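Trainee: sequence and computational prediction follow.
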Amino acid sequence: MNTRSHYDVAIIGAGMSGLAAGIRLAHFGKKVCIFERHNAVGGLNSFYSIAGRKFDVGLHAMTNFVRPGVKGTPLGKLLRQLRIDRDEFALCEQKQSRIAFGPRGECSLRFTNDFAVFESEVVAAFPAQADGFRRLVAAVRTFDDVSLDAAPMSAREAVRRHVSDPLLEDMLFCPLMYYGSATERDMEFGQFVIMFKALFLEGFARPFEGVRVVLRVLLAKYRAAGGERRMKCGVKKISAHAGRASAILLDSGDEITADHVISSIGAPETDRLVAASASEPPTAAPTLSFVETISILDRQPAELGWGSDTIVFYNDSSRFDYVRPTEQVDPRSGVICIPNNFDYGAGRVLPEGIFRVTCLANYDRWATLPEADYQADKSRWFAEVQRSARRFLPPLASDDALAAATLTTDMFTPRTIAKFTGHLGGAIYGATTKHRQGRTSLDNLYLCGTDQGFLGIVGAMLSGISMANYHILQKG
Amino acid sequence: MTKDECKQVVLDIIADIAPDEDLSNVKPEVRLRDQMQLDSMDFLDIVMELRKRHGIEVPEKDYQQLASLDSCAEYLTPKFDALTGKS
């Protein structure tokens, strides 16, 4: 039982970023405690069990994969900073992924963990854009994306300087936005660069057992370093005195003090804790959210003819609209993930088939539905999302082949995300404004995680590491 | 502590923070950065591990003293000796 009432550092949220910050701080002798409202760790990248079956949430694939020996990339930095041996994650590489555009996916660009494959696909499909694409890649490679104080710049404008075909432009943006953009239509160029490297120049991988392997490793490191955590123990208020966080009040009513507080729960969410004594909490800006359908199959997807693609990013319309839909869901574009299609080694296959589809969704349209309507809308959209996505995969032998192979299904909505993660508006990629230096209105309260602005799960962990280093460890 | 022992202390730390680097042939007079992939995060860790394991403090203005194994030995050996009470 952790009963201490003062810590060097209190961390709010046991997601990837909070755990990573905790490992760094505990390793270097700080007394650290992580406070987590939920009963499970992982935050936006977690898993849950229904009827003995584990479902991953968040993670489709770990981005930023590089093979052993490739140095100076985010994955390598992360492993070094957390003293993790890369074998502990036991990452298995993707087979191939695709960007498929057009009503039936007529224009398709394959990519793998070998960038030359993607480059040759782009050059073959868009010969007139070849030079521009190569210039863009050169610009991405030389951009300083880890600067904590770079001036923001429109990625659309930066890309258009090199790529003039709007179809190719949209095809490049689609995966990068789906895997990390909190902003509609455009991205900040620094974010674009981080994501371009993470997906195209580096790549996708997954532990055989999914996200829980990553979480298990992080927890073991944190525990071994002497870090404490309190689960089912949310923070309901941060008290301020003279511009500093003076105490944090827990859901239980207990009060804790700490020299430093790191919050991984989001910028507006953190503001709310600081302002909890004020009459009106600040209103959150509209955020992008998502639905995801999950089908568990009684056979390997390869037996249905779906054995090649790991991830497919699709869009059926003339332009790619990455915007909050006015309807509950926008089924025109989305992401298909087939976790079976990582290369787990000879003869090693996941015990069941898994078919996941993610689409943009509108939190407000889901938030206040009465339960019966909510359930009815979920099943209606489940069918619609899967119907839309199947256009971008090889046709099945018969129309009901997927239904016949399906053992069970599940679906999460923006409402599910808000309920289990506490993120306002069911946000996955946080608020539209990022705080690169992690500063807040209080001197000793810092942000890490999605609203600090490093993306993906490797980015989330690096965010926790960077903020712990920058605000606490470097200062001795 | 001899200068060679001091260099070994630094090498042991690097071996733990950057296990993917080959340390069998590090030239003592050449900057560490020029022989292996070490960034500012890694140098921070060398400093932090010196403090954690050996109680040695390296203020930020002196980080450049850790550039090569030779300069590490020049700078750190007196600090180790001061800790153990040797002149």
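Mentor: The structure has been received and is ready for your questions.

Trainee: distance of the one residue in chain B that gets nearest to chain A relative to residue B:17?
Mentor: Using CB to the nearest CB, residue B:37 is the residue of chain B that sits closest to chain A, at 4.0 Å. The way it works is simple: take the backbone N, C-alpha and C, and place the C-beta from them, glycine included. In this view, residue B:37 and residue B:17 are 12 Å apart by CB to CB, to the nearest Å.

Trainee: do the same with residue A:132
Mentor: Going from residue A:132 to residue B:17 by CB to CB gives 41 Å.

Trainee: what do you get for residue B:27?
Mentor: For residue B:27, the distance to residue B:17 - CB to CB - is 19 Å.

Trainee: just grab the bridge partners of residue A:47 for me.
Mentor: With DSSP bridges applied, residue A:47 shows beta-bridge pairing to residue A:56.

Trainee: got the contact list for it?
Mentor: With contact set as CB atoms under 8 Å, 6 or more residues apart in numbering or on different chains, residue A:47 has these partners: A:40, A:54, A:55, A:56, A:57, A:210, A:211, A:212, A:215.

Trainee: and for the last one, the neighbour number?
Mentor: Here the number of neighbours of residue A:215 (other CB atoms under 10 Å in any protein chain shown) works out to 23.

Trainee: mind giving me the packing neighbours of the one helix or strand it maps to?
Mentor: Under the criterion of DSSP states H and E, residue A:215 resides in helix A:211-224. If contacts are counted by 3 or more CB pairs under 8 Å, 6 or more residues apart in numbering or on different chains; DSSP states H and E, helix A:211-224 sits against helix A:16-27, strand A:47-50, strand A:53-56, helix A:86-89, helix A:456-468.

Trainee: helix or strand next in line after it, which one?
Mentor: strand A:228-230.

Trainee: that following strand pairs with which strands, parallel or anti?
Mentor: Strands that pair with strand A:228-230, judged by DSSP bridges, come out as strand A:32-35 (parallel).

Trainee: run through the residues that contact the closest residue to residue B:71 other than its chain neighbours.
Mentor: Nearest-residue entry for residue B:71: residue B:65, 5.5 Å, with adjacent residues in sequence omitted and distances by CB to CB, 6 or more residues apart in numbering or on different chains. For residue B:65, the contacting residues are B:58, B:71, B:72, B:74, B:75, by CB under 8 Å, 6+ apart.

Trainee: counting neighbours, what do you get for residue A:207?
Mentor: For residue A:207, which is what you asked about, the neighbour count (other CB under 10 Å) is 20.

Trainee: how close does it sit to chain B?
Mentor: Summarising the geometry, the distance separating residue A:207 from chain B, computed by CB to the nearest CB, to the nearest Å, is 19 Å.

Trainee: where does the residue nearest to that residue when sequence neighbours are not counted land on pLDDT?
Mentor: With sequence-adjacent residues excluded and distances taken as CB to CB, 6+ apart, residue A:207 is closest to residue A:213, at 3.7 Å. Note on residue A:213: pLDDT of 95.

Trainee: isn't residue A:213 right up against residue A:92?
Mentor: No - in this structure residue A:213 lies outside contact range of residue A:92 using CB atoms under 8 Å: 10.5 Å.

Trainee: now do the shared contacts for those two.
Mentor: Residues touching both residue A:213 and residue A:92 (CB under 8 Å, 6+ apart): residue A:207.

Trainee: which one's more surrounded, residue B:27 and residue B:17?
Mentor: Summary of the neighbour comparison: residue B:27 and residue B:17, criterion other CB under 10 Å, with residue B:17 having more neighbours (19 against 12).

Trainee: for the residue nearest to the spatial centre of chain B, give me its contacts.
Mentor: Note on chain B: the residue nearest the mean C-alpha position is residue B:10, at 3.6 Å, using CA atoms, centre = their mean. By CB under 8 Å, 6+ apart, residue B:10 lies in contact with B:46, B:66, B:69, B:72, B:73, B:76.

Trainee: which other residues reach the helix or strand harbouring the fourth one?
Mentor: I take that to be residue B:72. Following DSSP H and E, the helix or strand that holds residue B:72 is helix B:69-84. By CB under 8 Å, 6+ apart, the residues outside helix B:69-84 that reach it are B:1-4, B:6-7, B:9-11, B:26-29, B:32, B:50, B:54-57, B:62, B:65-66, B:87.

Trainee: kindly recompute the last result at 6 Å.
Mentor: Counting by CB atoms under 6 Å, 6 or more residues apart in numbering or on different chains, helix B:69-84 makes contact with B:1, B:3, B:6, B:7, B:10, B:28, B:29, B:56, B:65, B:66, all of which sit outside it.

Trainee: and if you look at stretch A:253-272?
Mentor: The contact list for stretch A:253-272 (CB under 6 Å, 6+ apart) reads A:5-13, A:15, A:17-18, A:21, A:245, A:247-249, A:281-282, A:284, A:423-424, A:430-431, A:435, A:444-449, A:451, A:472.

Trainee: what does stretch A:102-109 give?
Mentor: Judged by CB under 6 Å, 6+ apart, the contacts made with stretch A:102-109 from elsewhere in the structure are A:98, A:99, A:100, A:101, A:121, A:316, A:391, A:392.

Trainee: tell me where the model's unsure across the chain.
Mentor: If you meant another chain, say so; for now it's chain A. Applying pLDDT under 70 to chain A picks out residues A:1-3, A:146-148, A:276-286, A:476.

Trainee: wait, I meant chain B there
Mentor: Counting by pLDDT under 70, chain B has low-confidence residues at B:86-87.

Trainee: near chain A, which residues of it show up?
Mentor: Of all the residues in chain B, those in contact range of chain A (CB under 6 Å from any CB of the partner chain) are B:17, B:18, B:37, B:48, B:52.

Trainee: pull the CA atoms of the helix or strand where the fourth one lies into CSV?
Mentor: Assessed by DSSP H and E, residue B:48 sits inside helix B:40-54. Below are the C-alpha coordinates for helix B:40-54, written out as CSV (Å, rounded to 0.1, in the frame of the first residue of the first chain):
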residue,chain,number,x,y,z
SER,B,40,22.5,15.1,-26.2
MET,B,41,20.0,12.7,-24.4
ASP,B,42,22.8,10.2,-24.2
PHE,B,43,25.3,12.7,-22.8
LEU,B,44,22.7,13.8,-20.2
ASP,B,45,22.5,10.1,-19.2
ILE,B,46,26.3,9.8,-18.8
VAL,B,47,26.1,12.8,-16.5
MET,B,48,23.2,11.3,-14.6
GLU,B,49,24.7,7.9,-14.2
LEU,B,50,27.9,9.4,-12.9
ARG,B,51,25.9,11.1,-10.2
LYS,B,52,23.8,8.0,-9.5
ARG,B,53,26.5,5.4,-9.4
HIS,B,54,29.5,7.4,-8.2
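
Trainee: tilt between it and helix A:16-27?
Mentor: Angle, helix B:40-54 to helix A:16-27, by axes from the mean of the first three to the mean of the last three CA atoms, to 10 degrees: 40 degrees.

Trainee: check which helices and strands helix B:40-54 sits against.
Mentor: Taking 3 or more CB pairs under 6 Å, 6 or more residues apart in numbering or on different chains; DSSP states H and E as contact, the helices and strands that helix B:40-54 lies on are helix B:3-17.

Trainee: mind listing what's buried in the helix or strand following the helix it packs on?
Mentor: Under the assignment DSSP H and E, the closest C-terminal helix or strand after helix B:3-17 is helix B:32-35. Neighbour counts using 16 or more other CB atoms under 10 Å in any protein chain shown place B:32, B:35 of helix B:32-35 among the buried residues.

Trainee: contacts for helix B:32-35, please.
Mentor: The contact list for helix B:32-35 (CB under 6 Å, 6+ apart) reads B:26, B:38.

Trainee: before we move on, what about stretch A:289-300?
Mentor: Where contact means CB under 6 Å, 6+ apart, the residues beyond stretch A:289-300 that reach it are A:329, A:340, A:349, A:352-353, A:355-359, A:361, A:363, A:382, A:385-386, A:405-414, A:426, A:428.
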